[in-house]
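> Sequence and predicted model, in that order:
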Amino acid sequence: MSAQLVAVLAVITVALVFDYTNGFHDAANAIATSVSTRALTPRAGLIMAALGNFVGAHLGGHVAATVGGGIIDPPTGMGGLGIVFAGVVGAIAWNLFTWYFGLPSSSSHALFGGLVGASLCAVWFGLDAKVLWSGIVDKVLIPMVASPVVGFVLGGLLMIAIMWTFRRSNPRVLGRRFRRAQTVSAAAMAVGHGMQDAAKTMGIIVLALYTGGYHADKTDIPEWVFLACSTVLALGTYSGGWRIIRTLGRKIIDLDPPQGFAAETVAAGVLFTTSQLGLPISTTHSITSAIMGVGATKRLSAVRWQVAGSILIAWVLTFPAAAIIAIVMYLLTHWLF
């Protein structure tokens, strides 16, 4: 077995490890609101989220193509594989750190930060690695800022519409009906998460295959990559992510079923739309901002802004922190090999 094939297999392995950590890190995105309103039991919610992730992964080809060919352009061969390896390890490390502290940060932006950091470090060593800044600005940074704003505004508007439409309804009957409706909105969130987050791992694997000389097109996704990434993401999701579920479901705001339905519906809509446009956004940003927008319609003090501030700090730190970890990892692998 050649050294280059071993390197390709190593990158695929760490990519699937990232996929798994993404699953348990972001399981909260799909089910936290439904669990907190008791629309779903935790175990039923995780099963549904895992199945939704599996289905959504097969619909995320546009996002995978963006990740594979629109973020960085590494050189072919061992040098390029080292960049991708270090970038993914940086993302995994940041995922584990934020999971430990229960912070719903973005696995997506951790991945992009890791790839950019490793690429910039490789350039310093004389490799012909390129960071595609125009693609990062257009397809990562602008959506990164815009999607939470859209989620917050639309979450508030939908909640206002629900409150006005059902203003004369019996609260107990209304809660029961919206709990049932939440099974649909949570399922949509799970599919949207698969469309976004499994697709990013697919893009990484295809990028590794292309860089290693085992695939001819960075935007063409083989079927086995779809199956591998969707299965691993589903397994990671089923393993849970209770620390972050508690943060999203209870610490930001005490949600009732109509609020949970509104937040999930808006977040799912944002994920479906951006996936079709090939924009790799954060599912975490989408659902968290929607929860805040929904909560703000009750009263501004209903949102625990101190918790929201901690989440915001994690968002801001994600890209550079993952980049720094990836740089350290690249230096280590460069020194060892």
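Received it, and whenever you're ready, just let me know what you need.
> how about the strands of the stretch 51-200 of the chain, start to end?
72-73, 130-131 (DSSP state E, counting those that start in this stretch).
> Which helix or strand contains the residue nearest to residue 45 when sequence neighbours are not counted?
For residue 45, ignoring the flanking residues on the chain, the nearest one in space by Cβ to Cβ, 6 or more residues apart in numbering is residue 31 at 3.5 Å. C-beta: built from backbone N, CA, C; applies to glycine. Using DSSP states H and E, the element containing residue 31 is helix 3-36.
> Now do the buried residues in that helix.
By neighbour count with 16 or more other Cβ atoms under 10 Å, helix 3-36 contains the buried residues 4, 7-8, 10-12, 14-36.
> List the residues that contact the residue nearest to residue 45.
Counting by Cβ atoms under 8 Å, 6 or more residues apart in numbering, residue 31 makes contact with 40, 42, 45, 46, 48, 49, 186, 189, 190, 245.
> Now compare these and name the two farthest from each other.
Greatest spacing in the contacts of residue 31, by Cβ to Cβ: 42 and 189 (15.4 Å).
> neighbour count winner among those two?
residue 189 (34 against 16; other Cβ atoms under 10 Å).
> In this structure, where is pLDDT below threshold?
For the chain, the stretches with pLDDT under 70 are 1, 26-30, 104, 240-254, 299-308, 310-311, 336-337.
> I'd guessed residue 327 sits against residue 122; true?
No: the criterion here is Cβ atoms under 8 Å, and residue 327 misses it with residue 122 at 9.6 Å.
> The two - which one has more neighbours?
Set side by side, residue 327 and residue 122 give different neighbour counts by other Cβ under 10 Å, the larger being at residue 122 (26 against 22).
> who touches that one in this structure?
Per Cβ under 8 Å, 6+ apart, neighbours of residue 122: 74, 79, 82, 83, 129, 330.
> Setting the sequence-adjacent residues aside, check what's closest to the last one.
Read it as residue 330. The shortest distance from residue 330 to any non-neighbouring residue, by Cβ to Cβ, 6+ apart, is to residue 86 (3.8 Å).
> One more: the third one?
The spatial neighbour of residue 82 that comes closest, neighbours along the chain excluded (Cβ to Cβ, 6+ apart), is residue 333 at 5.5 Å.
> Measure how buried the one you found is and give me the count.
Other residues near residue 333 come to 18 when the count uses other Cβ under 10 Å.
> now for the host helix or strand of it, which elements pack on it?
If you go by DSSP H and E, residue 333 is part of helix 305-336. Applying 3 or more Cβ pairs under 8 Å, 6 or more residues apart in numbering; DSSP states H and E, one finds that helix 305-336 makes contact with helix 78-100, helix 107-124, helix 283-296.
> With distance to residue 239 as extra columns, can I get the ones you listed in JSON lines?
Below are the helices and strands packed on helix 305-336 laid out as JSON lines (distance: least, Cβ to Cβ, whole Å):
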{"stretch": "helix 78-100", "distance to residue 239": "11"}
{"stretch": "helix 107-124", "distance to residue 239": "15"}
{"stretch": "helix 283-296", "distance to residue 239": "17"}
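> so which of these is the most packed in?
Ranked by mean neighbour count under mean count of other Cβ atoms under 10 Å, the helices and strands packed on helix 305-336 are led by helix 283-296, which reaches a mean of 28.
> tilt between the host helix or strand of residue 273 and helix 283-296?
Using DSSP H and E, residue 273 maps to helix 257-276. Helix 257-276 runs at 150 degrees relative to helix 283-296, counting by axes from the mean of the first three to the mean of the last three Cα atoms, to 10 degrees.
> Could I get the buried residue list for helix 257-276?
257-272, 274-275.
> how about it as CSV, C-alpha atoms only?
Below are the C-alpha coordinates for helix 257-276, written out as CSV (Å, rounded to 0.1, in the frame of the first residue of the first chain):
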residue,chain,number,x,y,z
PRO,A,257,-45.0,24.2,21.9
PRO,A,258,-46.1,27.1,19.6
GLN,A,259,-42.8,28.7,20.2
GLY,A,260,-40.9,25.5,19.5
PHE,A,261,-42.9,24.9,16.3
ALA,A,262,-42.2,28.4,15.1
ALA,A,263,-38.4,28.2,15.8
GLU,A,264,-38.0,24.8,14.1
THR,A,265,-40.1,25.8,11.1
VAL,A,266,-38.1,28.9,10.4
ALA,A,267,-34.8,27.2,10.9
ALA,A,268,-35.7,24.3,8.7
GLY,A,269,-36.8,26.8,6.0
VAL,A,270,-33.5,28.6,6.1
LEU,A,271,-31.6,25.3,5.9
PHE,A,272,-33.6,24.0,2.9
THR,A,273,-33.2,27.3,1.0
THR,A,274,-29.5,27.7,1.6
SER,A,275,-28.8,24.0,0.8
GLN,A,276,-30.4,24.4,-2.6
